[in-house]
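# Provide a 3D model corresponding to the input given below.
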Amino acid sequence: MQRNRFLGDLLSTLFDRTSAARGKADKRDIYTLCEALMSAEGEVSGLRLASTILDRYASLVSDEKLAFFQFLNGAFDIDAVALGRLARDYAEDATPERFAALTDAAEPKRQELLRRLNQPLGATADLVAMRVDLLGFLKAHPALKRTNHDFVHLLRSWFNRGFLVLKQINWDTPARILDKIVAYEAVHQINDWDDLRRRLYPSDRKCFAFFHPSMPDEPLIFVEVALTEKIAGSVDAVLSDDRPSLDPDDARVAVFYSISNCQKGLTGISFGNLLIKQVVSELSLSCPQIEQFVTLSPLPGLNAWLRGLSGDADLGAAAGAVLDGTASPEGVRALTARYLLVAKRADGTPLDPVARFHLGNGAEAHGVHANADTSPNGMAWSSGAMVNYLYDLAQIEANHEDFALRGKIAASKPVLALATAAVTTKSKEPTS
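Prediction:
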């Protein structure tokens, strides 16, 4: 069996090298190559053509990449006139043949081109990287959102839950992956390998990541977990160098203190909800004594909201006190609770993006904390405030339904009370 696998790998390598050599000899421009890939030639030589196109794209400079996306946006768009005619035909007589013709015409040719480009080994990662370039052009060239829509449509199919693999990251994980955990940590910076070891090696610390078979060395998203005796209210304490280690058998709470998306090219393809639920399931099996699953989450929009209250007769002075660091912890907590429950976007959903994510997943705003994250990011985002979202497995579905259908935010009684409490501008006591 091993010999057969070796022979297969050897033949695959030889074919890849032969294909690559032929591709380099192909002098056609990238646009002609795309047309060829979509033609009968693509049925015969699709692997070689796709490899050549991806290699050619990687060598383009920024302006040439923009021109390539504009080409996809125009040359491989829907034929709206033909689609309209087919829609009218189908409305008159809904035969299976007319249905097939209508659905074929309704799909932009870009989608089939991207599918054909995804044939070579490693092509999925190349297309994810290609979308990073595309995202960089959207603000100045909004018409390219049509092509971006097609990328999202296909990437959601290719990265659905059935293809994702959950792996635990620990100190024995290959260094090439640990390096990426360090690089991709987006919430609480990992300073060095000693810092990483403190997050992975102790038995009361866990890390889990989703991977995709086509990108086995690239984490898509990962979560860091602290096992604790009670709900943590400070990430400074969770990440403290000299904190005492806890025997996992004594833990009663799993604290999700950092969730980081790793692939910018997969923006808009959500893995967080799946990851949390899968990790809860894993921990429930390995640590059945765990009673509560909570996050310790940042509030990236709090300070911006507070600055917007500068002219508010009722809250302006209190908001200013939080921003200049003179507010009492209770004052910080009260305004944080108001921000979570009252500050809304035009569509009626919470202003805070992290709140939208967890509340939309069915979590409850369970507790707010002052002086919880005194890192540069924590102070810049939220003057050190953080929030716990509780994932109560018995309430998740009802909370999600209330939030999605009625805009109702699930919150604990203490958070509800804080959100309606009178806010004073009494400063915190000076330290001696």
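# so for stretch 320-336, what gets flagged as buried?
Neighbour-count burial for stretch 320-336, with 16 or more other Cβ atoms under 10 Å as criterion, is recorded at 320-323, 327-328, 331-336. Bear in mind the C-beta positions are built from the backbone N, C-alpha and C, glycine included.
# and which of those is nearest W158?
For the buried residues of stretch 320-336, the closest approach to W158 (Cβ to Cβ) belongs to T336, at 39.0 Å.
# in what helix or strand does the closest one lie?
Take DSSP states H and E as the rule and T336 turns out to sit in helix 329-342.
# what sits against F163?
By Cβ atoms under 8 Å, 6 or more residues apart in numbering, F163 lies in contact with 212-213.
# redo that, cut-off 10 Å
157, 210-214 (Cβ atoms under 10 Å, 6 or more residues apart in numbering).
# most neighbours of all these, which one?
F210 (23 neighbours; other Cβ atoms under 10 Å).
# quickly list what that residue is bridged to.
When bridges are called by DSSP bridges, F210 pairs up with L166, I221.
# so T147 sits in a helix?
Yes - assessed by DSSP: H, G, I helix; E, B strand; the rest coil, T147 belongs to a helix.
# neighbours of it, how many?
26.
# need the helices for the stretch 201-350 of the chain, in chain order.
235-238, 272-286, 302-307, 316-324, 329-342 (DSSP state H, counting those that start in this stretch).
# could I get these as CSV with mean pLDDT?
Output for the helices of the stretch 201-350 of the chain, formatted as CSV (pLDDT from 0 to 100):
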stretch, mean pLDDT
helix 235-238, 96
helix 272-286, 93
helix 302-307, 98
helix 316-324, 96
helix 329-342, 97
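# need the winner for burial among the ones you listed.
Mean neighbour counts were taken over the helices of the stretch 201-350 of the chain using mean count of other Cβ atoms under 10 Å, and the top value, a mean of 22, falls to helix 329-342.
# next, the angle from that helix to helix 316-324.
110 degrees (axes from the mean of the first three to the mean of the last three Cα atoms, to 10 degrees).
# helix 329-342 packs against which elements?
helix 302-307, helix 316-324, helix 353-360, strand 364-369, helix 376-382, strand 386-390, helix 413-420 (3 or more Cβ pairs under 10 Å, 6 or more residues apart in numbering; DSSP states H and E).
# alpha carbons only: can I get it in PDB?
C-alpha atoms of helix 329-342 as PDB (Å, rounded to 0.1, in the frame of the first residue of the first chain):
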ATOM      1  CA  PRO A 329     -14.800  51.200  37.700                       C
ATOM      2  CA  GLU A 330     -18.600  51.300  38.300                       C
ATOM      3  CA  GLY A 331     -18.900  54.300  35.900                       C
ATOM      4  CA  VAL A 332     -16.900  52.400  33.200                       C
ATOM      5  CA  ARG A 333     -19.100  49.300  33.700                       C
ATOM      6  CA  ALA A 334     -22.400  51.300  33.500                       C
ATOM      7  CA  LEU A 335     -21.500  53.000  30.200                       C
ATOM      8  CA  THR A 336     -20.200  49.700  28.800                       C
ATOM      9  CA  ALA A 337     -23.500  48.100  29.500                       C
ATOM     10  CA  ARG A 338     -25.400  51.000  27.900                       C
ATOM     11  CA  TYR A 339     -23.100  50.600  24.900                       C
ATOM     12  CA  LEU A 340     -23.900  46.900  24.600                       C
ATOM     13  CA  LEU A 341     -27.600  47.200  25.000                       C
ATOM     14  CA  VAL A 342     -28.500  50.600  23.600                       C
END
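# now do that helix and strand 364-369, the angle between them.
Going by the same axes, to 10 degrees, helix 329-342 makes 150 degrees with strand 364-369.
# just the angle between helix 329-342 and strand 386-390, please?
Going by the same axes, to 10 degrees, helix 329-342 makes 50 degrees with strand 386-390.
# begin at 80 from here
All set: I'll call the first residue 80, so the last point we hit is now helix 408-421.
# and stretch 334-354, end to end?
One end of stretch 334-354 to the other measures 14 Å (Cα to Cα, to the nearest Å).
# where are the low-confidence patches of the protein?
Under the criterion pLDDT under 70, the flagged ranges of the chain are 80-102, 504-511.
# who touches the residue nearest to the spatial centre of it in this structure?
Centroid check for the chain by Cα atoms, centre = their mean gives N340 as the closest residue, at 4.1 Å. Neighbour list for N340: 263, 265, 298-301, 346, 348-351, 354 [criterion: Cβ under 10 Å, 6+ apart].
# only the buried subset of those residues, as a ChimeraX command please.
Burial among the contacts of N340 is assessed by 16+ other Cβ under 10 Å; the matching ChimeraX selection reads:
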select :263,298,299,300,301,348,349,350,351,354
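# okay but I338 is in contact with I300, surely?
Yes - between I338 and I300 there is a contact under Cβ atoms under 10 Å: 6.9 Å.
# where along the stretch 180-329 of the chain do the strands fall?
244-247, 284-290, 300-307 (DSSP state E, counting those that start in this stretch).
# reformat those strands as JSON lines; add distance to V231.
As requested, those are exported to JSON lines (distance: least, Cβ to Cβ, whole Å):
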{"stretch": "strand 244-247", "distance to V231": "22"}
{"stretch": "strand 284-290", "distance to V231": "18"}
{"stretch": "strand 300-307", "distance to V231": "16"}
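# give me the phi and psi for the closest residue in space to E409 that isn't next to it in sequence.
Nearest in space to E409, with sequence neighbours left out and distances taken as Cβ to Cβ, 6 or more residues apart in numbering, is A449 at 7.8 Å. Main-chain torsions, A449, degrees, to the nearest 10: phi -100, psi 160.
# re the thing from before, which of the helices and strands packed on helix 408-421 sits closest to D320?
helix 455-461 (17.1 Å).
# elements contacting the closest one?
Using 3+ Cβ pairs under 10 Å, 6+ apart, helix 455-461 is in contact with helix 381-386, helix 408-421.
# surely R127 meets P199?
Yes - assessed by Cβ under 10 Å, R127 is found in contact with P199 at 8.7 Å.
# domains in this structure, as residue ranges please.
93-237, 241-374, 381-499 (automatic domain parsing).
# quick revisit: list just the nearest of the contacts of N340 to R278.
Nearest member of the contacts of N340 to R278, counting by Cβ to Cβ, is F301, at 10.8 Å.
# any idea how far the closest residue to that closest one other than its chain neighbours lies from I260?
Closest residue in space to F301, ignoring its immediate chain neighbours: A288 at 3.7 Å, by Cβ to Cβ, 6+ apart. Distance, A288 to I260, by Cβ to Cβ, to the nearest Å: 8 Å.
# also V140?
Where I260 is concerned, V140 sits at a distance of 32 Å (Cβ to Cβ).
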